[in-house]
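>>> Structure of the sequence below:
(2 chains)
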Amino acid sequence: MDLAATIALNGLTLAALYFIVASGFSLIFGLMRVVNMAHGSLYLVAAYVGYAVFEPLYDRDLWYAWYAGLAAGIVCAAISGALMQRLLLGWMQGQELRQALVTIGVSIIVADQLLAFYGGNPRQFFAPDAIFGATQLPGLGGYPTFRLVQIGIAVAVGVGLWLLLNRTRLGMMIRAGVDDRDMLGACGVNVPLVGVAVFALGAALAGLGGVIGATAQPLAQGVDGRFLLVSLVVVIVGGMGSVPGTAVGAILIGLAEQIGQAIFPTYSVVLSFVIMVAVLATRPQGILGRA
Amino acid sequence: MHSRVLLWSALGLALLLVMPWLLLQALPQNQAQFWTANILGRGIVFGIIAMSLTFLATYGGFISLAQMMVAGVAGYTLAIFVDGAVPRIAGGLGYGLAIPLAILAATVMGLIVGAIAVRTRDIYLLMITLALAMGIFRFIETNIAWFNGYEGIRNVVGPDVFGFDFRNAYVFYYIALGTAGALYFGVLYLVRTPFGLVLQGIRDNPRRVAALGYAVGPHRIAAFGVAGFIAGCGGVLATIYNIGISPGSIGLGATVNVLIMSVIGGLGHPIGAFVGSLVFTFFDTFSASIYDRERFNTLIGVVFLVIVLLSPDGLLGAGARLRKMLGGRDAP
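Residues are numbered from 1 along each chain as shown, chains lettered A, B, ... in the order given. Next up, the predicted model:
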């Protein structure tokens, strides 16, 4: 029983990380119709830049080292995302395949330059003392505190996104843009600017995921491809462009990976792809996607 | 228009036929051999795989990122069943049987990909085929019993062809060129048959084609089957060229490389695949002297990005525009 609970909790913490990263991907796709193949690169950029800020502070034993790294990573990813939209993607709006190709080109260059700059050694953040160590859970014993924090952050991101999309002016514009871009522009809204904001927000979420992910598990080259694929599978399963769908997809994939690892360790990675094919066969638009 | 493309293709083929001889005149023997097998030969082999993508893109309107994986299915089937491969998985077959079996497996895999992706289009199809390819890749990477996991299967040396050793640079080159030529002209023929015309109709307007009474879904799936066959031929040749196959050769990097080749050449015509793959191979080989051997990915990434930004229809499109600008007649 304990084992089952631990596996379920592990699945949920993994799902939390997947949700944070994939919600950014889904948000960008929902409004902009851009498949951001560089989403994993944004994750990687944020993690490396965050680490570069974190390391010297951590060496001097400053308590805010991790928070500074987190902030630096998020800001850096957001700026990169906004620049990408502003310089490369904005002027080819509507050419979806071409935009996807552009982001593939960006991801190749970024991955290679990061390798040149930071080398191939794996790195890992150390969480601050406040969220480090273990928490006693009733009936389960000790569980890493940081993983619980991870779930908390994911819930906060989900609630925050819901509030942003449903309760603010920007959210109203974004939702209107999903339904009819042209009409939104005709109403006097600066649609390109909204696009840059959405891109920055989506990229910031990738950055948040990057620093959190690099605290929970080591950061290395190739992680960008992994999180790009996770984002793809999660939004395909959950429904493209839908935040609740992304949450459902992330929970499904996160749990499947952990349960699979417990039952048949060798092939656990394949389970998520089996789920994806099954969803596609029965409901091509995803579990919560709009037809 | 069509006859002009055929003329240029025939000229290109003729040039490639005499290339080894020309290289021997211009370069010392070992260098000429290197150019023949490792640049032109390799370029042509990957051009075949890229052409399976270009075929789908040009005539079906799908950009499938599963083609390298499909080629890998052929390569793995060959490596699993052929005698002499290390480690021995199933063995027992000579090349004469293992190669057709491999191509059949790739065709079936192509059909499966088509069946899964049949209800999707455009970027959805791109995402789904990529995810599918990576799912198979992960499976192969973790499966020891059939695919020998991370290490892959070695020592697939290739057959003797009419008494000639496949490992001879020139034998390999001409077999690759012959296969590529046959597939290329086969594709040009296929798209003028009723099947090919229906396929192009579906690309332009699926609803109208359906209203005419054609079954859209099966035609799409069949197109993926044809592309699987083409990719399978390329996969067999690539596996023999590399004397084996490992998961790395069908991973994300390899998948994206095939896309890069197709896009650099141009997705508007199957010949673009070969233009792109030769350019790619050239950069791959000489990036050390152009920029930095270790930074090949940056170099090819920049080339790719520039092409997508400036000339989304690739070098073919750029060439056509250049001719137009110089006051030439209508571009093909």
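
>>> doesn't residue B:17 make contact with residue B:173?
No - with contact defined as CB atoms under 8 Å, residue B:173 and residue B:17 do not form a contacting pair (9.9 Å). In short, each C-beta sits where N, CA and C put it, glycine included.

>>> who has more neighbours, those two?
For residue B:173 and residue B:17, the more surrounded residue by other CB atoms under 10 Å in any protein chain shown is residue B:173, and the numbers stand at 24 against 14.

>>> Within the helices and strands, which one has the more buried one?
Secondary structure assignment for residue B:173, by DSSP states H and E: helix B:169-190.

>>> Centre of the chain to that helix, how far?
12 Å (CA atoms, centre = their mean, to the nearest Å).

>>> cool, stretch A:73-85 as well?
On CA atoms, centre = their mean, the centre of stretch A:73-85 falls 14 Å from that of its chain.

>>> okay, the nearest residue to residue B:201 once chain neighbours are set aside: pLDDT?
Once flanking residues are discounted, residue B:201 sits nearest to residue B:209: 4.3 Å by CB to CB, 6 or more residues apart in numbering or on different chains. Here the pLDDT value assigned to residue B:209 is 93.

>>> Thought residue B:202 was touching residue B:209, still the case?
Yes - applying CB under 8 Å, one finds residue B:209 in contact with residue B:202, separated by 5.0 Å.

>>> any common contacting residues for those two?
residue B:216 (CB atoms under 8 Å, 6 or more residues apart in numbering or on different chains).

>>> neighbours around residue 216, how many?
You didn't say which chain, so I picked chain A. Residue A:216, neighbours per other CB under 10 Å, totals 19.

>>> not what I meant, chain B
16.

>>> In contact with it, which residues are there?
B:202, B:206, B:209-210.

>>> can you pick the most crowded of those?
residue B:202 leads the contacts of residue B:216 on contacts (other CB under 10 Å) with 22 neighbours.

>>> That one and chain A, how far apart?
17 Å (CB to the nearest CB, to the nearest Å).

>>> isn't there a helix covering that residue?
Yes - counting by DSSP: H, G, I helix; E, B strand; the rest coil, residue B:202 is part of a helix.

>>> my read: it touches residue B:220, true?
Yes - counting by CB under 8 Å, residue B:220 is a contact partner of residue B:202 at 6.6 Å.

>>> Tell me who's in contact with the residue lying closest to residue B:147 once chain neighbours are set aside.
Of all residues not flanking residue B:147 in the chain, residue B:140 sits nearest, at 4.5 Å (CB to CB, 6+ apart). Applying CB under 8 Å, 6+ apart to residue B:140 gives the contacts B:72, B:76, B:147, B:247, B:250.

>>> got it, and residue A:35?
Here residue A:35 is in contact with A:29, A:96, A:99-100, A:103, B:123, B:126-127 (criterion: CB under 8 Å, 6+ apart).

>>> Number of residues surrounding the nearest residue to residue A:90 once chain neighbours are set aside?
In space, and not counting its chain neighbours, residue A:90 is closest to residue A:192: 5.8 Å by CB to CB, 6+ apart. For residue A:192, the neighbour count with other CB under 10 Å is 14.

>>> give me the element residue A:192 is part of.
Going by DSSP H and E, residue A:192 is in helix A:191-216.

>>> quick one: the next helix-or-strand element following that helix to helix A:191-216, angle?
Where DSSP H and E defines the elements, the next helix or strand beyond helix A:191-216 is helix A:223-238. Angle between the axes of helix A:223-238 and helix A:191-216 is 110 degrees (criterion: axes from the mean of the first three to the mean of the last three CA atoms, to 10 degrees).

>>> Is chain B within reach of whichever helix or strand residue A:100 is part of?
In the assignment (DSSP H and E), residue A:100 maps to helix A:96-118. Yes - judged by CB under 8 Å from any CB of the partner chain, helix A:96-118 and chain B are in contact via A:96-98, A:100-102, A:104-106, A:108-109, A:111-113, A:116.

>>> Downstream of that helix, the next helix or strand is which one?
strand A:134-137.

>>> Can you list the neighbours in contact with stretch A:251-266?
A:3, A:7-8, A:10-19, A:230, A:233-234, A:237-238, A:267-272, A:275, A:287, B:142-144.

>>> Can I get it in PDB? Just the C-alpha atoms.
C-alpha atoms of stretch A:251-266 as PDB (Å, rounded to 0.1, in the frame of the first residue of the first chain):
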ATOM      1  CA  ILE A 251      -1.400  13.800 -14.900                       C
ATOM      2  CA  LEU A 252      -2.100  10.900 -17.200                       C
ATOM      3  CA  ILE A 253       1.400  10.900 -18.700                       C
ATOM      4  CA  GLY A 254       3.100  11.500 -15.400                       C
ATOM      5  CA  LEU A 255       1.200   8.700 -13.600                       C
ATOM      6  CA  ALA A 256       1.700   6.400 -16.600                       C
ATOM      7  CA  GLU A 257       5.400   6.900 -16.600                       C
ATOM      8  CA  GLN A 258       5.800   6.200 -12.900                       C
ATOM      9  CA  ILE A 259       3.400   3.200 -12.800                       C
ATOM     10  CA  GLY A 260       5.000   1.800 -15.900                       C
ATOM     11  CA  GLN A 261       8.400   2.200 -14.300                       C
ATOM     12  CA  ALA A 262       7.200   0.200 -11.300                       C
ATOM     13  CA  ILE A 263       5.500  -2.600 -13.200                       C
ATOM     14  CA  PHE A 264       7.600  -3.000 -16.400                       C
ATOM     15  CA  PRO A 265      10.700  -0.800 -16.000                       C
ATOM     16  CA  THR A 266      12.200  -1.400 -19.400                       C
END
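
>>> Quick check: buried residues in stretch B:311-322?
B:311-317, B:319-320 (16 or more other CB atoms under 10 Å in any protein chain shown).

>>> Sorry, wrong one. I was asking about stretch A:153-166.
Buried residues in stretch A:153-166 (16+ other CB under 10 Å): A:153-154, A:157-158, A:161, A:165.

>>> Could I get the average pLDDT for stretch B:26-36?
88.

>>> May I have that stretch exported as PDB, CA atoms only?
What follows is stretch B:26-36 as a C-alpha-only set of coordinates in PDB (Å, rounded to 0.1, in the frame of the first residue of the first chain):
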ATOM      1  CA  ALA B  26      40.900  15.600 -60.800                       C
ATOM      2  CA  LEU B  27      42.000  14.100 -57.400                       C
ATOM      3  CA  PRO B  28      44.400  11.400 -56.100                       C
ATOM      4  CA  GLN B  29      42.900   8.000 -56.000                       C
ATOM      5  CA  ASN B  30      42.100   7.800 -52.300                       C
ATOM      6  CA  GLN B  31      40.500  11.200 -52.200                       C
ATOM      7  CA  ALA B  32      38.400  10.400 -55.300                       C
ATOM      8  CA  GLN B  33      37.300   7.300 -53.600                       C
ATOM      9  CA  PHE B  34      36.400   9.200 -50.500                       C
ATOM     10  CA  TRP B  35      34.400  11.700 -52.500                       C
ATOM     11  CA  THR B  36      32.600   9.000 -54.400                       C
END
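
>>> Show me the contact partners of it.
So stretch B:26-36 is contacted by B:19-20, B:23-24, B:169-170, B:173 (CB under 8 Å, 6+ apart).
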